[in-house]
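Engineer: sequence and predicted structure are below.
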Amino acid sequence: MQMLYGLSEARIYDYIGFLREVSDVVTLNPLLRIPIRDVNDVVVVQTALIGGADVICTKDEDFYDPGLTRFLTRVGISVMDDVALMQRMRN
């Protein structure tokens, strides 16, 4: 982070502290089946579902698969890219 963004060690430490304060740790359920092509994305969907997210913000095409989209819509989670999320947040 220091080399990539030019941030000081103190700034990085403060940011990590902020993330700890505003984050909720969720326990994943290995028995929960998620209809997604890429098994590596199951963790993302489970985290959103168990954590009570409204939106998954991604450009990963696997998240726009009709089967997953139907599943997520039924549980109240939308999938959108960063531009759509920013537009939604402005309204």
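Structural biologist: Perfect, thanks for sending it. Residues are numbered from 1 along each chain as shown.
Engineer: for this structure, which segments count as helices?
Structural biologist: Under the criterion DSSP state H, the chain carries helices at the ranges 2-5, 9-22, 42-51, 66-74, 82-90.
Engineer: which of those is buried the deepest?
Structural biologist: When neighbours are counted by mean count of other CB atoms under 10 Å, the highest per-stretch mean among those falls to helix 42-51, a mean of 16. C-betas here are computed from N, CA, C, even on glycine.
Engineer: who does it touch, helix- and strand-wise?
Structural biologist: Helix 42-51 sits against strand 55-57, helix 66-74, with contacts defined as 3 or more CB pairs under 8 Å, 6 or more residues apart in numbering; DSSP states H and E.
Engineer: for the last one, the distance to its chain's centre please.
Structural biologist: When you say that, I think you mean helix 66-74. Using CA atoms, centre = their mean, to the nearest Å, we find the averaged C-alpha position of helix 66-74 to lie 15 Å away from the chain's own average C-alpha position.
Engineer: so what's the closest residue to residue 45 other than its chain neighbours up against?
Structural biologist: Spatial nearest neighbour of residue 45, chain neighbours left out: residue 34 (4.7 Å); criterion: CB to CB, 6 or more residues apart in numbering. By CB atoms under 8 Å, 6 or more residues apart in numbering, residue 34 lies in contact with 41, 42, 45, 46, 49, 68, 71.
Engineer: and the helices of the chain: which comes nearest residue 59?
Structural biologist: Among the helices of the chain, the nearest to residue 59 by CB to CB is helix 82-90 (7.5 Å).
Engineer: my read: residue 56 touches residue 45, true?
Structural biologist: Yes. The pair residue 56 and residue 45 passes the contact test of CB atoms under 8 Å, sitting 7.2 Å apart.
Engineer: could you name every residue contacting both of these two?
Structural biologist: Shared contacts of residue 56 and residue 45, counting by CB under 8 Å, 6+ apart, come down to residue 72.
Engineer: dump the contacts of residue 34 to a markdown table, plus pLDDT.
Structural biologist: As requested, those are exported to a markdown table (pLDDT from 0 to 100):
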| residue | pLDDT |
| --- | --- |
| 41 | 95 |
| 42 | 95 |
| 45 | 97 |
| 46 | 96 |
| 49 | 95 |
| 68 | 96 |
| 71 | 96 |
